[in-house]
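1. got a structure for you, letters missing:
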């Protein structure tokens, strides 16, 4: 499985079948959700995935969850079994990066602006093309708007990740021209986008 899958818009028939069968919910993540976020990432990475490394990564990040470092979960419940346990099918992450803070001084070469960054989004393959990534992105932008006076949200990605670029362009993000280096990735040029909120 390729890490960067081709971008495709929602499949209307699949969309209707899915929403006829399931109720979809979004919520703020709790610590225990790190396990499912790691699984989703492992599936996305395919054969070369290191699941133990993913578990360690998400555990560390979920431990420091705060108003400025928030995760969201998408889960479904079968309409025929409303008392069944929720099934997590996706996650997303937003973080406020104030590059003037002491914690960021170690990153000498970054030049991206301070602000809210969309830093992670994953949905199990069988639940893609259903608008779930869009909903997980909208809830993050709403979070940024409701929890600060900031007027923009940023998104950065690998220049090769055309899928993610196309997805965010469809949502209204605009590319910022220039060569950008995000905090902990100074050796890699990134593509930077912004949107007004």
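-> Here it is on my side, so go on. Every value quoted in this text rests on a predicted model; they were computed, and no experiment measured them.
2. Surely residue 38 is within a helix?
-> Yes. Membership of residue 38 in a helix is supported by DSSP: H, G, I helix; E, B strand; the rest coil.
3. Number the chain from 19, please
-> Yes, from this point I'll number from 19; that puts the last item at residue 56.
4. what's the distance between it and residue 89?
-> Counting by C-beta to C-beta, to the nearest Å, the separation of residue 56 from residue 89 is 12 Å. Every C-beta, even on glycine, is put in place using the N, C-alpha and C of the backbone.
5. contacting residues around the spatially most central residue of the chain?
-> Central residue of the chain (C-alpha atoms, centre = their mean): residue 139, 2.3 Å from the mean position. Shown in contact with residue 139 (C-beta atoms under 8 Å, 6 or more residues apart in numbering): 108-111, 151, 154-155.
6. out of the residues you listed, which one sits closest to residue 95?
-> Distances from residue 95 to the contacts of residue 139, taken as C-beta to C-beta, are shortest for residue 108 (14.3 Å).
7. List the buried residues in the host helix or strand of the closest one.
-> Residue 108 is part of strand 105-115, with elements assigned from DSSP states H and E. For strand 105-115, burial by neighbour count (16 or more other C-beta atoms under 10 Å) applies to 106-115.
8. Stretch 191-204 too?
-> If you call a residue buried by 16+ other C-beta under 10 Å, then stretch 191-204 has these buried ones: 191, 198-201, 203.
9. Show the contacting residues for the residue nearest to residue 112 when sequence neighbours are not counted.
-> Nearest residue to residue 112 in three dimensions, chain neighbours excluded: residue 158, at 4.1 Å (C-beta to C-beta, 6 or more residues apart in numbering). Shown in contact with residue 158 (C-beta under 8 Å, 6+ apart): 88, 90, 110-112, 136, 171.
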